[in-house]
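Undergrad: with the input below, show me the fold.
(one chain, ligands or ions: 1)
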Amino acid sequence: MPANICQQLNKAKNLDKESYVSSLLSQMTLKEKIGQMSQFNNDDDKLATAIKNDDVGSVINEVDLDIINEFQRIATKESRLGIPLLIGRDVIHGYNTIFPIPLAQAASWSTELVETSANLAAIESSNNGINWTFAPMIDISRDPRWGRIAESLGEDPYLCSTLGVAMVKGFQGNNLANKTSIAACAKHFAGYGASESGRDYNTTNIPENELRNVYLPPFKALADAGVSTFMASFSDLNGVPVTGNSWLLNDILRDEWQYNGLVVSDWESIPQLVTHGFCEDEKSAAFEACQAGVDMEMASDTYAKNLPSFIQENKISIEQIDTMVSRLLKLKFDLGLFENHFTESRNPTEHLKNTYLNVAKEVATKSCVLLKNDKQILPLCKTKISSLAVIGPLADDGYEQLGTWIFDAKINQSVTCLDAIKDYVGNTVDVKFNEGLETSRSNNQDSFEEAVKIALSSDVAVMIVGEEAILSGEAHCRSNIDLPGCQEQLIDAIHKTGTPIVLVIMAGRPITLEKILPKVDAILFAWHPGTMGGPAITDLLFGEACPSGKLPVTFPRNVGQIPLYYGQKNTGRPASDATFVDINDIEVRAPQTSLGMTSTHLDTHFSPLFPFGFGLSYTQFEYTNIQVNMHSFSMGESVEVSATLSNVGSVDAEEIVQLYIRDLVGSVTRPVKELKGFQRIYLPAGQSKTVVFKVHTDELAFYNRQMKLNTEPGLFNAWIGSNSATELKAVFEVVLTPE
Ligand code: NOJ
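TA: You can find the predicted model right below:
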């Protein structure tokens, strides 16, 4: 058989990327180019033939290594061109080994662990022939009703950018061509997290200034960090669905940011332009998406069917198609696929398997957030208690603790809390178990009696409740974010026994906890902690590890407060304790002006239940002595803000020290606080340390009314502390550089 085009090019050794791709492109027909722009789902029965005919650039959702290798063989040996395939899969928080959900990973505030988890997920999935993941999801998420908050890195642009970049580094490694690297995807560009009422796929309306200051920074950070691909969001942004939004995809992404990577649509989001009411038929949808710069169509075939006619009709130039296809081919070149497209299954060694599990446990340990710990009930001591009741529908369910997006998980690898607790206490403590409710959604109280019985005969009840995996994630939104089913009633029943309650919550989103807070002695919020959730939580409960996670998202008191986030604007009438009026304090027929006249609800306090950045420890940290090294400095300079951190408790522990600033006066109003830095610091009991943050004036920039990124001179507050409600404050001033 004569050598195909790629085989010929491969023989011409040392072709650089540009020459390889342009030479290949010059030998491709229009149909073959459009083939590269098409991603097929693995269930298409014409897939093998289509690959042979050079009609496919990428396959999504195939995970059988033999089939993947066979597809690569057909693509590279049997087609005219011989171009290898991109094999895409949603590797979101692990592949076989499941790390905590992304929102949990964000609660670890650990760039190292987030990078390592992504790297291990890349190793496991690349071992299975996958070379492209659709992660990280870096949509700013300020609505906990939205199921996809689970997949997000939380509400804050700085935290989300920092951890998103770490994930990309983990997936892509130092060199995409390494066998264990996979291409990452910044998604969903942009604004998807602002879907109205937290309902998935819903409309978003985001003023350009807010888009630029809040929603776009993580995407810009990932573009600058070299993320290989972007995904256009399903959502309608200010009336123009993103998949056809040339302003966002061309003007901002390509022209302003100079991003040269591949843009893929979301699943069938091109034909959905018709459903949005943005295009009259699939032909015009294909046109709008192509004009907007969507290089590859996921799962649908409007490009294959319609792009040729646009070329014939001179509506789209062949140069435009070439630019789009060359982005795809360059990614394949960067991944080293032209030379190495087959995957030999590299069975992980025992050592590697242990590494996966150890890291999964460490991330889970560091992402749990201790929300309450009355009278230091935690940590439990196995020599001081003789009996323990473990109660709740999530105590012994290896599947539900994994969370959303776990297609490829080895479920039987999961270690549950019940198993891990039993293993840890051995014969020293009598552990009794009752699930209380069959599932987290169940309303059947038949088991309550037995659960109460074991609580009555135990020193402590550890209740493991929350949301089962399917209640968060894509298209799984809730209008009420209390614990579902009868779980609150279960807590009530156990509370009535008088046995102290340690509540562990596994969930894919913040849960409204105001009603149950007084009924329990401690709360450890574990998110969906993944494969090693059980051992991680057990270590925390028994003091083998000290809680150090901090909330990456605000916990509201009730859904009516949503959206509630720390970086809000001050308003002209900010809420304050001094002016706050409770509904019950209002006299009957009180005149209208008797209210506080500030931005509050009458029936709930204006503050969150737990602020962004919050998380307790088994030790106590104290912050004192905040200082700035210069009270006034010029544009282009950096200021150092420092504070003394002291571990005044009795446990060696890690603390996530947070720096916030406020730009007091802006040409566009600025948030009351903005995170500008954080450090995870280990401090032995009794010790103190000066923690220093350096902030350059460029880091104080924001998009102004002209949509220009600019630092404005003037006064700033700076705070250092353990969460976003910190009050330890310093002041500095940025002055204009003298001419
Ligand atoms: C739709 C989701 O929105 C996206 O995040 C995901 O990557 C694709 N489906 C592929 O599964």
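
Undergrad: C-alpha only now, for contacts and for neighbours.
TA: Will do.

Undergrad: ok, now which ones touch A50?
TA: If you count contacts by C-alpha atoms under 8 Å, 6 or more residues apart in numbering, A50 has them with V56.

Undergrad: helix/strand/coil for it?
TA: The three-state label given to A50 by DSSP: H, G, I helix; E, B strand; the rest coil is helix.

Undergrad: look up the closest residue to the closest residue to the ligand within the stretch 151-300 of the chain, ignoring the ones flanking it.
TA: The minimum distance from the stretch 151-300 of the chain to the ligand, using C-alpha to the nearest ligand atom, falls at W267 (5.0 Å). Using C-alpha to C-alpha, 6 or more residues apart in numbering and skipping residues adjacent in sequence, the residue nearest W267 is M298, 5.2 Å away.

Undergrad: count the residues that sit near that neighbour.
TA: By other C-alpha atoms under 10 Å, the residues close to M298 number 23.

Undergrad: angles on the backbone of it, please.
TA: phi -90, psi 120 (degrees, to the nearest 10).

Undergrad: now check stretch 123-141, is it near the ligand?
TA: Yes: applying C-alpha under 6 Å from any ligand atom, one finds stretch 123-141 touching the ligand at F134.

Undergrad: would you map out the domains in this structure?
TA: 5-335, 360-542, 621-735 (the TED database).

Undergrad: still on that earlier bit, pLDDT score assigned to the residue nearest to W267?
TA: Looking at M298, its pLDDT stands at 98.

Undergrad: that one: what's it in contact with?
TA: Neighbours of M298 in contact, by C-alpha under 8 Å, 6+ apart: 38-41, 264-269.

Undergrad: that one bridge partners, please.
TA: Q39 (DSSP bridges).

Undergrad: ok, Y259 - contacts?
TA: Neighbours of Y259 in contact, by C-alpha under 8 Å, 6+ apart: 223, 253.

Undergrad: make sure it is indeed in a strand.
TA: No: counting by three-state DSSP, Y259 is not found in a strand; it is coil.

Undergrad: please report how far it lies from L15.
TA: Using C-alpha to C-alpha, to the nearest Å, one gets 24 Å for the distance from Y259 to L15.

Undergrad: and what of F448?
TA: 71 Å.

Undergrad: and for T619?
TA: 59 Å.

Undergrad: enumerate the residues of this structure near the ligand.
TA: Residues of the chain lying near the ligand (C-alpha under 6 Å from any ligand atom): 90, 134, 266-267.

Undergrad: and stretch 542-562, end to end?
TA: 35 Å.

Undergrad: next, the residue of the stretch 151-300 of the chain closest to the ligand: secondary structure please.
TA: coil.

Undergrad: surely P608 is in contact with I562?
TA: No: contact criterion C-alpha atoms under 8 Å: P608 and I562 do not qualify, at 9.8 Å.

Undergrad: pull up the overlap in contacts between the two.
TA: P556.

Undergrad: residue contacts, the closest residue to the ligand within the stretch 101-250 of the chain?
TA: Closest residue of the stretch 101-250 of the chain to the ligand, C-alpha to the nearest ligand atom: F134 (4.8 Å). Residues near F134 by C-alpha under 8 Å, 6+ apart: 88-92, 184-187, 231.

Undergrad: the same query, at a cut-off of 7 Å, please.
TA: 89-91, 184-185 (C-alpha atoms under 7 Å, 6 or more residues apart in numbering).

Undergrad: one more: D251?
TA: Counted by C-alpha under 7 Å, 6+ apart, D251 has zero contacts.

Undergrad: and it, what pLDDT?
TA: At D251, pLDDT is 98.

Undergrad: how about the secondary structure of it?
TA: Assignment for D251 (three-state DSSP): helix.

Undergrad: got phi/psi on the residue of the stretch 151-300 of the chain closest to the ligand?
TA: Here W267 shows phi and psi, under degrees, to the nearest 10, equal to phi -60, psi 110.
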